[in-house]
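Trainee: Sequence below, structure please.
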Amino acid sequence: MKKTILFLLFTSSFFNCLIAQKFSFSLETGYQFKLASGTISEGDLLGGEPGTRTFGIAKYSLGKGTQFVATAMYHVNEKFELGLGVNYLLGSTHTASWREYQNKLLRFNPQAKFYITGEKVKLYTTIGAIAAIGKYQIEFNKETTWQDGTVMATHRLTEYSGGWSFGVSNSTGIEFQTNSAFKFFIELDIYAQSYGARKSEILEYNINGEDLISSLSVSQIYADHVDSLNESEIQNPDEPSKYIRSFIPFNSAGLSAGISVSLFGN
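Mentor: Got it, this is the predicted structure:
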């Protein structure tokens, strides 16, 4: 009986302390613009001396697109908070010559928030780490006209997925305190990260509208993207191909706006 009473007293004290603390939950949405850190050849021959091939170079980052964020924060004191954000990036399309890139990314963003100044209107900054999972697709469409006038239209859609992406984040914003538990904010967000898929799969493949994916072997459809390769290894057509893992930039900067509510008072 004595142990039960002590347990109830401890539990009650613990939850009273917990509730007495300040927690907040926020929802926000915004748009991210690319911060280019990668290049890709783009287009056909642009010109140059006879016998040379010159292509355009496009800078790209798949971090561009609309994002939705939910964040829970623990208020350590009036100037400092700790929390975790969950960020879903619904990427936009990037076109480079015959290739079109489409991406999606789910970010987990542990972060620290520092209030710089203000009472009703507060200036703040956050720093955080990123752990993300996602995927992207590359759609290839090209028409080739042969010397006899024959046109060959090739279409291929490949999806890249698997593996984790890591990076860092930073934001600076303005928070507007109301007379209730609600706050409104506007912020500038910056994300620095890259993503290297662990596997890929051809989802669609046709020439002149004829579906040819059933004619491909397992090694032609599927691939594992690994950190190292044994060059002497012979590829088995009944197993996925192996390629060196490559990384796609997802760096971005953008604006977002949202609302925050304190769960246990101001």
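
Trainee: CA only for contacts and neighbour counts going forward, please
Mentor: Will do.

Trainee: Touching, Asn208 and Met152? I think so.
Mentor: Yes: using C-alpha atoms under 8 Å, Asn208 makes contact with Met152 at a distance of 6.1 Å.

Trainee: and the two? which has more neighbours close in?
Mentor: Taking neighbours as other C-alpha atoms under 10 Å, Asn208 and Met152 compare with Met152 leading, 14 against 11.

Trainee: you'd agree the more buried one is up against Asn141?
Mentor: No: taking contacts as C-alpha under 8 Å, Met152 lies outside contact range of Asn141: 10.5 Å.

Trainee: Can you list the low-confidence ranges for the protein?
Mentor: 1-21, 37, 39-58, 96-97, 264-266 (pLDDT under 70).

Trainee: redo that, cut-off 50
Mentor: Along the chain, segments meeting pLDDT under 50 span 3-4, 6-20, 44-48, 266.

Trainee: Tell me which residue is most central in it.
Mentor: For the chain, Leu105 is the residue whose C-alpha lies nearest the centre (C-alpha atoms, centre = their mean; 3.5 Å).

Trainee: For that residue, give me its contacts.
Mentor: 88-91, 132-135 (C-alpha atoms under 8 Å, 6 or more residues apart in numbering).

Trainee: Which element, helix or strand, includes it?
Mentor: Taking DSSP states H and E as the criterion, Leu105 maps to strand 99-117.

Trainee: Okay, buried residues for that strand please.
Mentor: Neighbour-count burial for strand 99-117 flags 99, 101-115 (criterion: 16 or more other C-alpha atoms under 10 Å).

Trainee: Going by distance to Gln220, which of those residues wins?
Mentor: Closest to Gln220 out of those is Arg99 (18.8 Å), distances taken as C-alpha to C-alpha.

Trainee: Would you confirm that that closest one contacts His155?
Mentor: No: assessed by C-alpha under 8 Å, Arg99 is found out of contact with His155, at 10.0 Å.

Trainee: any shared contact partners between the two?
Mentor: With C-alpha under 8 Å, 6+ apart as the test, Arg99 and His155 both reach 139-141.

Trainee: So which of these belong to strands?
Mentor: 139-141 (DSSP state E).

Trainee: Closest to Thr178 out of those?
Mentor: Glu139 (47.8 Å).
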